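In: Got a predicted structure plus its sequence, pasted below:
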Amino acid sequence: MVGLGCSVAPIREIPSALNKARNGRHFLSIYRFFCDESYDGDPNAPGSVASGRRDGDHVPATFVVAGFLADQDTWECITGPWQAENERQGVTRYHAVDLNGLRNEFSESKGWSRQKGVAYSKHLLGLIRDRGMDMHAIACGMLVRDYQDVISPEGRERFGPPHIACFKTVVSMIAQEIASLRFKFRPGDRFAVIFDQNRYGAGLVKAFLGMKWHPSYPFGGTLASCSSGTWEEYVELQAADFVAYESFKALHRIHKTGTVMAREALESLFSNNGFVSYYLDRDSLTKLKPQLERATCEPNGFILQIGLRDDMGIGIPLP
């Protein structure tokens, strides 16, 4: 809440109070995309470190960046009940890895079981499902061995490490969806990104701002701001943790089954809430290879623009 003189108004109401819209017009909406990353340990990778650590030269086998996009009103309908459920269950936050592994706050010694974990997850998932098409899941992932095998070291330097490459692709996907005015988006709408704090934070912000201000990127006008946060600051990042983990599990199954297969929790969002995903598979990387390796741009400066109709990427190098 922010004070305006002697009155107090929600942040979302301040633009209306300061600048009344003319009849027949609307105020632009600032959507917020909360995202997280999910990946595995790869003990066979040179220089890899133990799964779960975030320092050192950790090279995963599967990497995903994913989250939820919604307007402020929708997020406000989620965060209060979500935190209330955490308090009812006696935990500080939803954490997918710990919950699925029955570790830490969710250990059996603290009264947790598979059955209790499923019930808890279903309750939180219900909060998301209740928002319907006002809340969209977006994800991008890759198999890192494919990325290394297909794209040269120089090309990977231009596109960025898996985290930055997937992040930029997700941002591009949202930017194009908003610019196309699909769903409920209207002219002038923009979106802000809040990502879970990590060691790539400076690179993610730099990439976002490069997309926003580059004159050759046609969707930069939909980008508002980009910053990091923690689950203590933003309950919304706990929802992002859910979709990132489930998207990772869906993609990671390809190592064993040869196909991408969503678990029931993620699949339930497909038609109810909407789910937009892009898998940088070997075929996509092979198509991308020539333009990526010919690009002249600084490290982490290549943007993958997703074709909304033909699902084909075109590269936009940033200087």
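Out: Good, I have the coordinates.
In: what is the mean pLDDT for stretch 177-190?
Out: Per-residue pLDDT values across stretch 177-190 average out to 85.
In: what do you get for stretch 200-215?
Out: Here the average pLDDT along stretch 200-215 is 91.
In: which residues are in contact with that stretch?
Out: 160-161, 163-164, 167-168, 171-172, 175, 193, 195, 217, 219-220, 223, 226-228, 300-301, 303, 316, 318-319 (Cβ atoms under 8 Å, 6 or more residues apart in numbering). No exception for glycine: its C-beta is placed from N, CA and C like everyone else's.
In: Quick check: buried residues in it?
Out: 200, 203-208, 210-212, 214 (16 or more other Cβ atoms under 10 Å).
In: What ranges does the stretch 201-319 of the chain have for its helices?
Out: 201-213, 236-252, 254-257, 264-267, 269-272, 282-294 (DSSP state H, counting those that start in this stretch).
In: Show me what the fourth one is packed against.
Out: Same thing as helix 264-267. helix 114-129, helix 236-252 (3 or more Cβ pairs under 8 Å, 6 or more residues apart in numbering; DSSP states H and E).
In: got TSV for those helices, with distance to residue 267, mean neighbour count and mean pLDDT too?
Out: Output for these, formatted as TSV (distance: least, Cβ to Cβ, whole Å; neighbours: other Cβ atoms under 10 Å; pLDDT from 0 to 100):
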stretch	distance to residue 267	mean neighbour count	mean pLDDT
helix 114-129	11	15	95
helix 236-252	9	25	95
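In: Residue 209 and residue 168: what is the separation?
Out: With distances taken as Cβ to Cβ, to the nearest Å, residue 209 is found 12 Å from residue 168.
In: Then residue 297?
Out: Distance from residue 297 to residue 168, by Cβ to Cβ: 12 Å.
In: Not counting sequence-adjacent ones, nearest residue to residue 60?
Out: Distances taken as Cβ to Cβ, 6 or more residues apart in numbering place residue 39 nearest to residue 60, at 3.8 Å, with adjacent residues excluded.
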